[in-house]
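Participant: sharing a model that was predicted from the sequence below.
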Amino acid sequence: MQTSLKIAVVGSGLVGSLLAIYLKKAGHTVHVYDRSPDIRKINFSGRSINLAMSNRGWKALDAVGVGDSVREIAIPMDKRAIHLVDKLNFQNYGQEGESIYSISRGKLNRKMIDLAEEAGAEFHFEQKIWDVTLSDATLHIGESERGEWEEHKYDMVFGADGAFSRIRHRMQRQSMFNYSQEFLNMGYKELNIPANPDGTHKLDKNSFHIWPRGEYMLIALPNLDGSFTCTLFMPFEGQNSFESLTDRKMVEDFFEKNFPDSIEVIPELANDFFKNPTSTLVTMKCFPWTFEDKIALIGDACHAIVPFYGQGMNAGFEDITVLNEMIEKYQDDWKKIFSEYQISRKPNADAIAELSYRNFMEMSTKTADEKFLLQKKIEKVFSDKHPDKWIPLYSRVTFSDRPYAEALAIGDFQNGIMEEVLKLDNIENIWNTPEVENKILELLEKQIKI
């Protein structure tokens with residue numbers, strides 16, 4: 001237990017709520033502020049991508065004793081279901097028994113707020129934070145940006161208020177603060193596959209469904225009620241884009257041509273398409289993440305990433321794991337805690353941003369490419385035989401808690417080896433032979449000597 005402080009967490013999302021649990025268990029008074037209404041009292045739909053919980057997320061939840069509560073609302077997915085125009089392929093994740101878990105963002109957020117309240121955190125909804133005084137951790141709250149503000153002084157403030165954080169906005173006005181944001185030229189829109197009349201799923205419920213089509217793609221993740229939350233990713237402008245689909249018939253014709261097996265399972269396709277908003281995708285990087293021993297950013301507030309590796313929430317939860325490790329190590333020395341936290345996390349946040357961007361190309365294009373699928377089969381066979389020598393990149397990111405930066409570096413190294421292997425004559429027919437196995441061993445040995 002640390003010396004008790006009065007701490008404000010700005011943002012009642014997934015990371016803010018979990019952080020509140022950790023801080024309460026460390027002995028602090030914790031107030032959580034959010035400008036939005038209490039999500040438990042409103043409908044949450046139309047603008048979401050289902051979450052994919054993996055090892056890093058479970059580690060953070062289990063360490064504070066709430067993992068099993070979250071497992072109650074999670075569905076394991078042990079494979080990708082790749083919907084090509086004329087056939088369906090399956091691609092297993094990881095080793096036998098390894099899965100990622102589909103969770104509705106709304107359900108999880110409600111659950112996390114409940115768990116944080118049970119731990120003793122106090123939530124304040126519909127409270128608009130417009131500014132923070134960095135030097136003394138004072139929040140400025142009011143109805144409007146130019147109206148009257150109330151001051152609420154704390155010992156410390158955590159900004160867990162997302163990619164467009166107000167807390168970070170104040171920190172950006174310091175000298176020597178680095179900041180960048182980059183929007184993809186594509187957006188996303190939520191669609192829905194309802195359950196069968198008997199409540200069962202229309203598609204395999206233990207698969208992450210992908211319709212890869214190059215510059216655009218459709219994904220679907222299962223929900224407990226038998227439905228799937230679908231997300232259409234497309235460019236905003238151009239030939240196949242949100243801009244180009246302007247009426248119901250165009251939408252239905254586009255899906256009939258490009259996602260033919262989805263037509264029957266998305267009965268409200270056109271209604272959902274025009275009812276639900278088209279949202280943006282942004283990568284945001286900044287540094288520093290902290291100010292003295294008063295202010296710290298966490299989660300998307302300091303490293304927003306695109307969703308194509310399913311690691312945004314997992315990375316944010318891992319921030320909390322690392323912060324907690326620093327708390328246990330340095331006790332009440334918050335300057336040291338904050339300094340070591342940001343130094344440890346920054347390279348890994350940058351690495352998962354890069355990996356997430358690259359994984360869009362894998363999901364949208366490569367999963368439909370025969371050469372890529374062959375590479376994955378070769379890696380799987382070799383990894384099964386030599387688990388001490390080869391862990392595939394996806395497994396390093398998803399089924400491990402080793403640093404993201406390490407996964408990125410080793411992944412690039414392994415890809416270089418696979419490029420050489422795929423050049424072998426007749427590789428399509430000899431891929432599962434001692435010749436290929438020995439070639440990989442030879443290339444690994446050669447690289448180690450270098």
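Facilitator: Structure's in. What do you need?

Participant: now S400. Its backbone dihedrals?
Facilitator: Dihedral angles of S400 (phi, psi; degrees, to the nearest 10) stand at phi -150, psi 160.

Participant: give me the local confidence score for G214.
Facilitator: Per-residue confidence (pLDDT) for G214: 88.

Participant: oops, could you answer that again for P194 instead?
Facilitator: Value for P194, per-residue pLDDT: 97.

Participant: OK, contacts around it?
Facilitator: Contact analysis of P194 by C-beta atoms under 8 Å, 6 or more residues apart in numbering lists 202, 226-227, 267-268. Quick note: C-beta positions are derived from backbone N, CA and C, even for glycine.

Participant: how near is it to S262?
Facilitator: Note on P194: its distance to S262, by C-beta to C-beta, to the nearest Å, is 13 Å.

Participant: between the contacts of P194, which is closest to D384?
Facilitator: When the contacts of P194 are ranked by distance to D384 (C-beta to C-beta), K202 comes first, at 32.8 Å.

Participant: return the residues in contact with the closest one.
Facilitator: Residues near K202 by C-beta under 8 Å, 6+ apart: 193-196, 226, 228, 265.

Participant: same thing but 7 Å
Facilitator: With contact set as C-beta atoms under 7 Å, 6 or more residues apart in numbering, K202 has these partners: 193, 196, 265.

Participant: from these, which land in helices?
Facilitator: Counting by DSSP state H, no part of those is found in helices.

Participant: just send these back as TSV, with neighbour count too.
Facilitator: Shown next, in TSV, are the contacts of K202 (neighbours: other C-beta atoms under 10 Å):
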residue	neighbour count
I193	24
N196	11
V265	19
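
Participant: averaged pLDDT, stretch 102-109. What do you get?
Facilitator: In this model, stretch 102-109 carries a mean pLDDT of 95.

Participant: swap in stretch 242-261?
Facilitator: If you average the pLDDT over stretch 242-261, you get 96.

Participant: what lies in contact with that stretch?
Facilitator: 83, 85, 187, 211, 213, 218, 234, 236-237, 262-263, 269-270, 273, 278.

Participant: for it, which positions count as buried?
Facilitator: Within stretch 242-261, the residues scored as buried using 16 or more other C-beta atoms under 10 Å are 242, 245, 251-252, 254-255, 259, 261.

Participant: need the per-residue pLDDT for the residue nearest the centre of the chain.
Facilitator: With the centre of the chain defined as its mean C-alpha position, the nearest residue by C-alpha atoms, centre = their mean is G312, 2.4 Å away. pLDDT recorded at G312 is 96.

Participant: quick one: contacts for it?
Facilitator: The contact partners of G312, taken as C-beta under 7 Å, 6+ apart, are 300, 305.

Participant: repeat for I42
Facilitator: Per C-beta under 7 Å, 6+ apart, neighbours of I42: none.

Participant: right, and D272 touches T229 too?
Facilitator: No - using C-beta atoms under 7 Å, D272 is not in contact with T229; the gap is 10.9 Å.

Participant: what's the overlap in contacts for these two?
Facilitator: N192.

Participant: out of these two, which sits in the more crowded spot?
Facilitator: A count of neighbours by other C-beta atoms under 10 Å puts T229 above the other of D272 and T229, at 22 against 19.
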